[in-house]
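# What shape does this take:
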Amino acid sequence: MKKDEKERAACAAFLNAYKKLEESLSSSGRSVYDLEKEFGENANRSADEARLRLCRMTRNYLQHRPDVFVVPGDEMVSFLERILLETNGVRPKVKDVLKKKKALKSTDDLLSVAKSLTRAKEEMPVTDENGVLLGMLDSQALVALIAKNGDLTKPLGTTALTAPNKIISPNTYADAEPDAAIVTDTGKEKGKYKGIYVPETTL
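Numbers count the residues shown, from 1 in each chain. Here you go, the predicted structure:
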């Protein structure tokens with residue numbers, strides 16, 4: 001089955017992150033496989049060894065079969081970006097590995113909101129016209145709202161929104177944050193939406 005546009009973009013982001021890590025390591029005469037072995041020799045880095053091996057195998061597969069089967073997740077890209085920063089002597093913050101995922105607006109009509117949620121296949125953040133986070137919307141809440149209003153041209157508003165499970169600042173150190181979270185400029189509710197932080201724990 002061929003990949004759709006979103007899946008192809010995910011593959012491209014992964015391959016780009018992998019290439020940057022390769023280029024950084026090659027400047028010191030090392031390869032991704034060399035780094036993987038280094039992690040394997042350190043008992044505290046066994047999880048990173050397994051993650052890097054998975055990334056290397058995924059990259060090799062995509063090089064030979066670019067349009068079928070494998071679609072890397074955001075967690076894999078975040079992991080590669082963190083390792084790249086680490087190899088360059090930088091302790092990464094959330095803003096360094098942040099995924100800027102699309103947000104809905106409270107003024108969007110219900111029809112366009114329904115289309116966006118269908119494409120996303122997960123709950124989405126909702127902001128006001130100035131980008132300030134108002135809450136989260138999932139498909140179940142949207143269905144209930146549409147059933148109540150009955151008019152798909154009406155704006156989304158805020159009545160169907162729920163609070164995010166967690167909100168953090170872009171300056172939070174990535175290795176200190178184990179959970180997925182919404183990121184705002186202030187690290188608090190009513191801050192400006194910056195993106196979604198996805199940890200590597202599911203790798």
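# So the protein: which segments form each domain?
5-90, 104-197 (automatic domain parsing).
# I'd like to know which of the ones you listed lies nearest to L98.
In this view, these are compared for proximity to L98 by C-beta to C-beta, and domain 104-197 is the closest at 4.4 Å. Quick note: C-beta positions are derived from backbone N, CA and C, even for glycine.
# start to end distance for the closest one?
17 Å (C-alpha to C-alpha, to the nearest Å).
# Dump the domains of the chain into CSV; add mean neighbour count, distance to D96 and mean pLDDT as well.
Formatted as CSV, the domains of the chain follow (neighbours: other C-beta atoms under 10 Å; distance: least, C-beta to C-beta, whole Å; pLDDT from 0 to 100):
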stretch, mean neighbour count, distance to D96, mean pLDDT
domain 5-90, 16, 6, 90
domain 104-197, 16, 7, 93
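# quick one, what contacts L84?
Going by C-beta atoms under 8 Å, 6 or more residues apart in numbering, L84 touches 17, 20-21, 24.
# switch to 7 Å and redo it
Contacts here follow C-beta atoms under 7 Å, 6 or more residues apart in numbering; on that basis L84 touches 20-21, 24.
# likewise L98?
Neighbour list for L98: 170, 183, 194-195, 197 [criterion: C-beta under 7 Å, 6+ apart].
# ok, now Y193?
Neighbour list for Y193: 103, 125, 127, 131, 133, 184 [criterion: C-beta under 7 Å, 6+ apart].
# Can you report phi and psi for the spatially closest residue to V32 that is not a sequence neighbour?
Nearest residue to V32, sequence neighbours excluded (C-beta to C-beta, 6 or more residues apart in numbering): R56, at 5.5 Å. Backbone torsions of R56, given as degrees, to the nearest 10, read phi -60, psi -40.
# Check K105 too.
phi -110, psi 150.
# Dig out what it forms beta bridges with.
T127 (DSSP bridges).
# Wait, it touches V132, no?
No. Using C-beta atoms under 7 Å, K105 makes no contact with V132, being 10.5 Å away.
# Surely R45 is in contact with F39?
Yes. Counting by C-beta under 7 Å, R45 does reach F39; the two are 4.0 Å apart.
# what's the overlap in contacts for K105 and V132?
Common neighbours of K105 and V132 (C-beta under 7 Å, 6+ apart) do not exist.
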